[in-house]
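A.B. asks: predicted model, plus sequence, below.
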Amino acid sequence: MHKLYESILGRSADFRVKYQFYSEDQGGRKILPNQGTRFNFWYENHNHTMKGIFMIWPEFENEEGEIILDSHVLVSASGTAKMWIINSELIPYHADKIKIGTKGYFYEGKRIAECEVIEIIGLTSNPTKTLS
């Protein structure tokens, strides 16, 4: 059973994306992931002052837009996911850059999926204290 990130982090998701995993022929995974897989994330923005990828994790939704709770079920090759900035100290950095239409990528050593921000949820209002 997947434990909701909202209950772990004590806040709402930061934003929502529509995603598409690359096929194996495109350099993607052999098998689709299950809920709770913690991919790293990078997004396009010409004002990045930090290098590298970010700990922004997806929480995949079903066709009805509900969080998938069964952590053993493989997610769809395309769909939607709520996104969670894990280091809350970086929320202000990302809030200035992530907008509806921003293009991003899931990483697992290499790019394995592409996505686009379709909704801002708590990105501009979530608390920014450090997790202990």
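C.D. replies: Done, it's in.
A.B. asks: which residues of the protein score low on pLDDT?
C.D. replies: 129-132 (pLDDT under 70).
A.B. asks: how near is the residue lying farthest from the centre of the chain to F106?
C.D. replies: The outermost residue of the chain, judged against the average C-alpha position, is D25 (23.2 Å), by Cα atoms, centre = their mean. Between D25 and F106 the computed distance is 17 Å (Cβ to Cβ, to the nearest Å). Every residue, glycine included, has its C-beta placed from N, CA and C.
A.B. asks: again with I120
C.D. replies: Here the criterion is Cβ to Cβ. By it, I120 lies 19 Å from F106.
A.B. asks: kindly report the same for Y93.
C.D. replies: Look at Y93 and F106: by Cβ to Cβ, they are 19 Å apart.
A.B. asks: of those two, who's got more company?
C.D. replies: F106 (28 against 16; other Cβ atoms under 10 Å).
A.B. asks: can you tell me the SS state at that one?
C.D. replies: Under DSSP: H, G, I helix; E, B strand; the rest coil, the three-state class of F106 is strand.
A.B. asks: again, but for D25
C.D. replies: On the three-state scheme (three-state DSSP), D25 is labelled helix.
A.B. asks: so how far is I120 from it?
C.D. replies: If you measure D25 against I120 using Cβ to Cβ, the figure is 34 Å.
A.B. asks: over to I8?
C.D. replies: For I8, the distance to I120 equals 21 Å [Cβ to Cβ].
A.B. asks: the more surrounded of those two?
C.D. replies: Summary of the neighbour comparison: I8 and I120, criterion other Cβ under 10 Å, with I120 having more neighbours (17 against 11).
A.B. asks: break down this protein into its helices, ranges please.
C.D. replies: Listed in chain order, the helices of the chain (DSSP state H) span 5-9, 91-95.
A.B. asks: ok, residues contacting the last one?
C.D. replies: Under the contact criterion Cβ atoms under 8 Å, 6 or more residues apart in numbering, helix 91-95 has outside partners D14, T49, M50, F54, I56, I85, L123, T124, N126, T128.
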